[in-house]
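Undergrad: prediction below, plus the sequence it came from.
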Amino acid sequence: MISMQQFLLRQPAAPEETSTDRYYFDLANRLAREAVARKIFRSYPEKVVERAAMALVGYYQDVICDSGVWRSFITECRRLYGRTVPFYEEGDDYTDFELNRADVRFMVWYSLSMNFEGRRVCNPYDTEIVSGADAWWEILESVYDEAPLPVDYRIAHELEMHAREDSESIYKLGNWLFMHCYLMTPAYALTLSEIASGIDLGKEEGISELQARMEQSMSEDPTGPLALYLREWLYLIVEGKLPRHRQNEVPEHKYYTAFTRATGGKTVMYFGSYEEMNAFFVSALGWADNEEHLPQMKNCRDFILMVNREKGMLVAHDIARCIAAPDNPLYDRDYARTHAIELLTERGCCPGDLLSYVCSNGWLPDAVFPGSDDTELVASNWDFIARCYLQQYYRGD
């Protein structure tokens, strides 16, 4: 059973209870109870299903009053991908900024996957996901016309990003988005776990350290299913567009110059062993001879080196067998069919710049969700999958 305290924590007016919170609190518990009664989402822990119910009710409140969060998400999805929501076809009856079956399916997949490590990489078309989401959609659709307008959910309406009189409201909006919003918190769960690891929350100084790290994270880390930075989410929601990014001219990196000179213009090289890679460091980059460079990687294999004109060189290991580049002699299709999805879903497995380059060229053709043979589902959604799962490991510089 979801407690009122748990529910209110996710509301814009928290910790205060508004006149409509009880209605939506009861609705979230109804979804959770129906999941048990109908035996849907049986492979997920009860608490994970409850979080998914609260996230879905958050979406429901949003579309009922058009708070701007869901609007910003699907607007950016259309700009990035030419489609409304990842994975699911919206159908002819899809209505913008209202309750839709495709939206509910996405929210259910997203909430369950991000909140349960045991099935984190789950096929969006898994029968349990789709049938359960449709059951929840039927409940929400049956009460859609009678649901009250959520109080305080229109938190972003009539705000202006640079208006001095709105600065306090903008800060409040940003804090709620990053810490408690239904759309942001599922994808941020693993980042939060990484931040909290090693902190003794049983001590007062541990709580203070966590708060300090969270404040830092708000300004430095992306969040939400699109891994946008808080500033980007705020601009999308308040102004309907992303902020402009300034690009400064950066001189050509010395490793880029040496690397491309040695390879005849190639920016990516593949090495089966540490010894081969180390020899390249010496012969191509001019690193010291008779020395083991990057010795921490001696027990690894299947290396990839990539250079960028501005950033220099990156090194990846144990993933070259997954990449079907024309000049990669290490590619192994059978291995890739099992492991290629890890490049898109496991943080630190593949550097973001390399991943983007590989996928943009169609060199990850074997990636599939576990239990699925649908390579096209991943191929047409690879950027979203990387954003959603990898977050700062994909979008961070």
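TA: Yes, it's here.
Undergrad: going forward, measure contacts and count neighbours with C-alpha atoms only.
TA: Noted.
Undergrad: how distant is stretch 371-379 from the center of its chain?
TA: Distance of stretch 371-379 from the chain centroid (C-alpha atoms, centre = their mean, to the nearest Å) equals 18 Å.
Undergrad: what's the mean pLDDT across that stretch?
TA: Mean pLDDT, stretch 371-379: 97.
Undergrad: ok, stretch 322-337 next?
TA: Taken as a whole, stretch 322-337 has a mean pLDDT of 98.
Undergrad: what residues of stretch 219-227 count as buried?
TA: 221, 222, 223, 224, 225, 226, 227 (16 or more other C-alpha atoms under 10 Å).
Undergrad: got the CA coordinates for that stretch in CSV?
TA: Provided in CSV are the C-alpha atoms of stretch 219-227 (Å, rounded to 0.1, in the frame of the first residue of the first chain):
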residue,chain,number,x,y,z
SER,A,219,23.9,21.7,-11.8
GLU,A,220,26.2,19.1,-13.3
ASP,A,221,24.3,15.9,-14.2
PRO,A,222,21.5,15.2,-16.7
THR,A,223,18.3,13.5,-15.7
GLY,A,224,15.1,12.2,-17.1
PRO,A,225,14.5,9.7,-20.0
LEU,A,226,16.2,12.1,-22.5
ALA,A,227,19.2,12.8,-20.1
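Undergrad: show me what whatever helix or strand residue 73 lives in packs onto, helices and strands only.
TA: Per DSSP states H and E: residue 73 is located in helix 69-81. For helix 69-81, the packing partners by 3 or more C-alpha pairs under 8 Å, 6 or more residues apart in numbering; DSSP states H and E come out as helix 46-65, helix 230-239.
Undergrad: the same query, at a cut-off of 6 Å, please.
TA: helix 230-239 (3 or more C-alpha pairs under 6 Å, 6 or more residues apart in numbering; DSSP states H and E).
Undergrad: touching the helix it packs on from outside, list them.
TA: Here helix 230-239 makes contact (C-alpha atoms under 6 Å, 6 or more residues apart in numbering) with 68, 69, 72, 241, 242.
Undergrad: how does it look with 8 Å?
TA: Applying C-alpha atoms under 8 Å, 6 or more residues apart in numbering, the set of residues contacting helix 230-239 from outside is 68-69, 71-72, 156-161, 170, 173-174, 177-178, 218-219, 221-223, 241-243.
Undergrad: equivalent analysis for stretch 36-47, please.
TA: With C-alpha under 8 Å, 6+ apart as the test, stretch 36-47 has contacts from 35, 49, 112, 116, 128, 129, 131, 132.
Undergrad: helices along the stretch 101-250 of the chain, start to end?
TA: 101-115, 127-142, 167-179, 185-196, 204-220, 230-239 (DSSP state H, counting those that start in this stretch).
Undergrad: worst mean pLDDT among those helices?
TA: helix 204-220 (a mean of 90).
Undergrad: and that helix, what's buried?
TA: By neighbour count on 16+ other C-alpha under 10 Å, the buried set for helix 204-220 is 209, 210, 214, 217, 218.
Undergrad: now stretch 377-387
TA: So for stretch 377-387, counting by 16+ other C-alpha under 10 Å, buried means 377, 378, 379, 382, 383, 384, 385, 386, 387.
Undergrad: kindly report the same for stretch 118-125.
TA: 120, 121, 122, 123, 124, 125.
Undergrad: any idea which of those is closest to residue 5?
TA: Distances from residue 5 to the buried residues of stretch 118-125, taken as C-alpha to C-alpha, are shortest for residue 120 (26.4 Å).
Undergrad: got the contact list for the closest one?
TA: So residue 120 contacts 112, 113, 114 (C-alpha under 8 Å, 6+ apart).
Undergrad: any idea how far the second one lies from residue 316?
TA: Using C-alpha to C-alpha, to the nearest Å, one gets 26 Å for the distance from residue 113 to residue 316.
Undergrad: same thing with residue 79?
TA: Applying C-alpha to C-alpha to residue 79 and residue 316 gives a distance of 31 Å.
Undergrad: and for residue 103?
TA: For residue 103, the distance to residue 316 - C-alpha to C-alpha - is 36 Å.
Undergrad: so those two - more neighbours on which side?
TA: It is residue 103, of residue 103 and residue 316, that has more neighbours when counted by other C-alpha atoms under 10 Å, with 26 against 20.
Undergrad: let me see the contact set for that one.
TA: Here residue 103 is in contact with residue 85 (criterion: C-alpha under 8 Å, 6+ apart).
Undergrad: residue 307 contacts residue 314, correct?
TA: Yes: using C-alpha atoms under 8 Å, residue 307 makes contact with residue 314 at a distance of 6.4 Å.
Undergrad: the more surrounded of the two?
TA: Taking other C-alpha under 10 Å, residue 307 and residue 314 do not tie; residue 307 has more neighbours (23 against 14).
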